[in-house]
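Peer 1: Here is the input, now give the coordinates:
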Amino acid sequence: MDARVRYARWDGVGRPFTVVTCPEVEPAPGEVLVEIELATVCGSDLHTVAGRRSAPTPTVLGHEQVGRVVAVGEPVGAQRCPVAPGDRVVWSVTVSCGACGRCARGMEQKCLRLRKFGHERIDDSWTLNGGFATHALLPAGTAVVPIPRGVPAGVAAPASCATATVAAVLDAVSAVADRRVLVTGAGLLGVTATAMAAQAGAEVVVCDPDPGRRALAKRFGAAYVVAPDALPAEVDIALELSGAAAAVQGCLGALAVGGHAVLAGSVLPGPTVAIDPERVVRGLLQVTGVHNYRPAHLVRAVEFLSDNHDRFPFAELTGTPFGLSAIAAAVAAADGSPALRQAVDPHR
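Peer 2: Next comes the predicted model:
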């Protein structure tokens, strides 16, 4: 592997990526330095590059990746680092302080001093802050979880975003065993939710307008697949993972008495959706929003992939890796590609 420390700097909408070489990095107390094995291009990276969401610049994009620990800084106080040099790891999108009121209430993912991997401006205190790089520097407050070497890199990398987010979505509802679960959207979030819910004993119905994605959902454990004009009625749980306003409305309308809708796909501004409060009250309905995830959800994501990556075809969802110098091509290929994730091998 190329031992140089390099990253792909993004300078804003309509501007090219620039691959930058920087000096070797030594982790400070509480930090972990990781050499990145593979990163994948998430939908939020595409939104940023296209200007659909704002981001500080210059920055290093990418927040789905897997790598090997190179060095660990000195412990901070009584805390010991959960990983050691040589460990293969994934790590959280969020970096939390652990001390504010939200962290104390179990909402580390909404920390008042939150920083997000792949979403921060490059500065002298944190340059290697995204996945499209050969190395990443993980500050104290990052959840770092070992992952077995037997899990393919293209399967492991999305654990840091898609898989852990789904773990948080499912954690928001009561047990799904023997329940009828509707999943709207059969992108990576949707097929992951399908697999996790089916593995837990749910009867899963997946809705997506794309016939190819509906067929893919069947391979991930869906009992039934439907087009948006054939949404089922009377589901116990509805998981909205597409972000489409019509899908949100469909999830709410499909709930049976006592039903629970979890909305996680709506991460960009969009049309408002009507809610009938009388139906919510009389139907004992619940509606929960999920954004980001807690450290325990990343642990659950790794456990699920470790135990089930051979059962479901996750390895087929990632395209052939691009090199770091071809990062613009990787992003372009990810936008509209039949592969649910495009990959970047920073050492190519």
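
Peer 1: Please, which helix or strand holds residue 119?
Peer 2: Assigned by DSSP states H and E, residue 119 falls within no helix or strand.

Peer 1: and this protein, what are its domains?
Peer 2: Following automatic domain parsing, one gets these domains for the chain: 5-161+293-345, 173-289.

Peer 1: so can I have JSON lines of the ones you listed showing mean pLDDT and distance to residue 167?
Peer 2: All C-beta atoms are positioned from the backbone trio N, CA, C, and that covers glycine. Putting those into JSON lines (pLDDT from 0 to 100; distance: least, C-beta to C-beta, whole Å) gives the following:
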{"stretch": "domain 5-161+293-345", "mean pLDDT": "95", "distance to residue 167": "4"}
{"stretch": "domain 173-289", "mean pLDDT": "97", "distance to residue 167": "7"}
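
Peer 1: Kindly list the main-chain dihedrals of residue 318?
Peer 2: With angles defined as degrees, to the nearest 10, residue 318 sits at phi -110, psi 130.

Peer 1: OK, contacts around it?
Peer 2: Listed by C-beta atoms under 8 Å, 6 or more residues apart in numbering, the contact partners of residue 318 are 40, 154-155, 157, 339-343.

Peer 1: switch the cut-off to 6 Å
Peer 2: 154, 341, 343 (C-beta atoms under 6 Å, 6 or more residues apart in numbering).

Peer 1: Pretty sure the last one sits against residue 322.
Peer 2: Read it as residue 343. No. Using C-beta atoms under 6 Å, residue 343 is not in contact with residue 322; the gap is 7.0 Å.

Peer 1: ranges for the strands of the stretch 201-348 of the chain?
Peer 2: Remark: strands assigned in the stretch 201-348 of the chain by DSSP state E, counting those that start in this stretch are 203-207, 224-226, 235-240, 255-263, 286-289, 322-323, 343-345.

Peer 1: want to throw those strands into CSV with distance to residue 278 and mean neighbour count?
Peer 2: Converted to CSV, the strands of the stretch 201-348 of the chain look like this (distance: least, C-beta to C-beta, whole Å; neighbours: other C-beta atoms under 10 Å):
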stretch, distance to residue 278, mean neighbour count
strand 203-207, 25, 26
strand 224-226, 27, 18
strand 235-240, 19, 28
strand 255-263, 13, 20
strand 286-289, 14, 14
strand 322-323, 52, 18
strand 343-345, 48, 23
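
Peer 1: I'd guess residue 94 is in a strand, am I close?
Peer 2: Yes. Residue 94 forms part of a strand when assessed by DSSP: H, G, I helix; E, B strand; the rest coil.

Peer 1: check contacts around it.
Peer 2: Counting by C-beta under 6 Å, 6+ apart, residue 94 makes contact with 109, 114, 116, 292.

Peer 1: excluding its backbone neighbours, what's nearest residue 251?
Peer 2: Closest residue to residue 251 apart from its sequence neighbours, by C-beta to C-beta, 6 or more residues apart in numbering: residue 238 at 3.7 Å.

Peer 1: quick one: contacts for the most centrally placed residue in the chain?
Peer 2: Using C-alpha atoms, centre = their mean, the residue of the chain that lies closest to the mean C-alpha position is residue 161, 1.6 Å off. The contact partners of residue 161, taken as C-beta under 6 Å, 6+ apart, are 42, 63-64, 93.
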